[in-house]
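In: Here is my input, please return the structure:
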Amino acid sequence: MQFIRDQGFIIKRRNFGEADRIITIFSKNNGKISVVAKGVRKITSRRLGLLEPFNLIEFHAVKSYSMPILTEVDLVNSFDEDKKNLDNYSKIFIICELLDSLCGEDLALLSLYKRVIDYAYNQSGHEALIDFKTDLLVNLGYWNKDKKFASEDDSYRYIESIIERKLKSRSIDL
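Out: Down below sits the predicted model:
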């Protein structure tokens, strides 16, 4: 049995079965990883409030034959003050969707992890968002670091051509 112990933030969650959830975490050492949180949707679950989008958590999981099972979760930071501002929350939603769409499973990029945390809570504005998208695409090997996007629409169109679908967050205005 292999154990995973890491720190990361939640980028996606979806219901699975009656009481379970599949949680997608962008972790420091393992990259993007999906885990099953058993029984987390029950009213009596202690982990229910900890598994909210973009909460920074420390977690333990056990690798099973199909998907790792989440066994323990500790909240490091919930960034509640930042989430109260609608502009910040929109930015967080965009970051989560981009990471989920562009990053492959088990692709660990420590520099990207630090950049995401830094951008999500320290930067603001359209120029910073375009810079983040460019940095993300460069780190993942989709873009040349010497080039710049002409506009935000150009960056969205390029990303949508990579993932071959429309981004939900494209309709959000910062």
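
In: So residue 155: helix, strand or coil?
Out: helix (DSSP: H, G, I helix; E, B strand; the rest coil).

In: Skipping adjacent residues, who's closest to it in space?
Out: Leaving out its chain neighbours, the residue that sits closest to residue 155 by CB to CB, 6 or more residues apart in numbering is residue 149, at 4.3 Å. Quick note: C-beta positions are derived from backbone N, CA and C, even for glycine.

In: pretty sure that neighbour is touching residue 135, no?
Out: No. Residue 149 lies out of contact with residue 135 (CB atoms under 8 Å); the separation is 11.5 Å.

In: Which residue is the nearest non-sequential neighbour of residue 62?
Out: residue 69 (5.2 Å).

In: can you pull the pLDDT of the one you found?
Out: At residue 69, the model reports a pLDDT of 94.

In: again with residue 173
Out: Residue 173 is given a pLDDT of 58.

In: what do you get for residue 139?
Out: 87.

In: Same question for residue 147.
Out: For residue 147, pLDDT reads 86.

In: residue contacts, it?
Out: Shown in contact with residue 147 (CB atoms under 8 Å, 6 or more residues apart in numbering): residue 134.
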